[in-house]
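1. Give me the fold of what follows.
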Amino acid sequence: MVIKMDKKMKCIVCPIGCDILVNFNEKTREIVSFSGNECKRGIKFIEDEIARPVRLLTTTIKINSVEYNKLPVRSDIPIPKEKMLEMVREVKKINISVPVKAGQVIADNFMGLGIKILSCSTFNS
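-> Residues are numbered from 1 along each chain as shown. Sure, this is the predicted structure:
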């Protein structure tokens, strides 16, 4: 039995922000049809979003500083969407001291997934 699912998605690839209606097999994640995209990039976005949705992790961690108490950080590559909450909980456990530079690796091979957590700011004190 094929289980079809209709889902309305907002494409985030370009400034147009198309509302795309996609019909796909919920079990196999195979796209049956879609409509509403104004460019070819929307097709790739929908294919990726249905098959393997990923996001860049962006959050803050504690920093030992006289002037600041939070350091913005991000993952170096997009992570599987289903891992996002778990990764945020784990990254929040990191506490770093100054000095720290933008782009500095805060954690390497985070959670054994080959992902680096990077500083997004420079703090000297």
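2. mind checking which helix or strand of the protein has the lowest mean pLDDT?
-> Ranked by mean pLDDT, DSSP states H and E, the weakest helix or strand in the chain is strand 4-10, scoring a mean of 86.
3. Mind listing what's buried along that strand?
-> M9 (16 or more other CB atoms under 10 Å). Where C-beta positions appear, they are placed from N, C-alpha and C, glycine not excepted.
4. Relative to the whole chain's centre, how far out is that strand?
-> Its chain's C-alpha centre and that of strand 4-10 lie 20 Å apart, by CA atoms, centre = their mean, to the nearest Å.
5. partners of the following helix or strand past that strand, with directions?
-> Past strand 4-10, further along toward the C-terminus, the next helix or strand under DSSP states H and E is strand 19-25. Using DSSP bridges, the strands paired with strand 19-25 are strand 4-10 (antiparallel), strand 31-35 (antiparallel).
6. Output strand 19-25 as CSV - backbone C-alpha positions only.
-> Below are the C-alpha coordinates for strand 19-25, written out as CSV (Å, rounded to 0.1, in the frame of the first residue of the first chain):
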residue,chain,number,x,y,z
ASP,A,19,5.3,28.0,-1.6
ILE,A,20,5.8,24.5,-3.0
LEU,A,21,3.2,21.8,-2.7
VAL,A,22,4.8,18.4,-2.8
ASN,A,23,3.1,15.0,-2.9
PHE,A,24,5.4,12.1,-1.8
ASN,A,25,5.3,8.5,-0.7
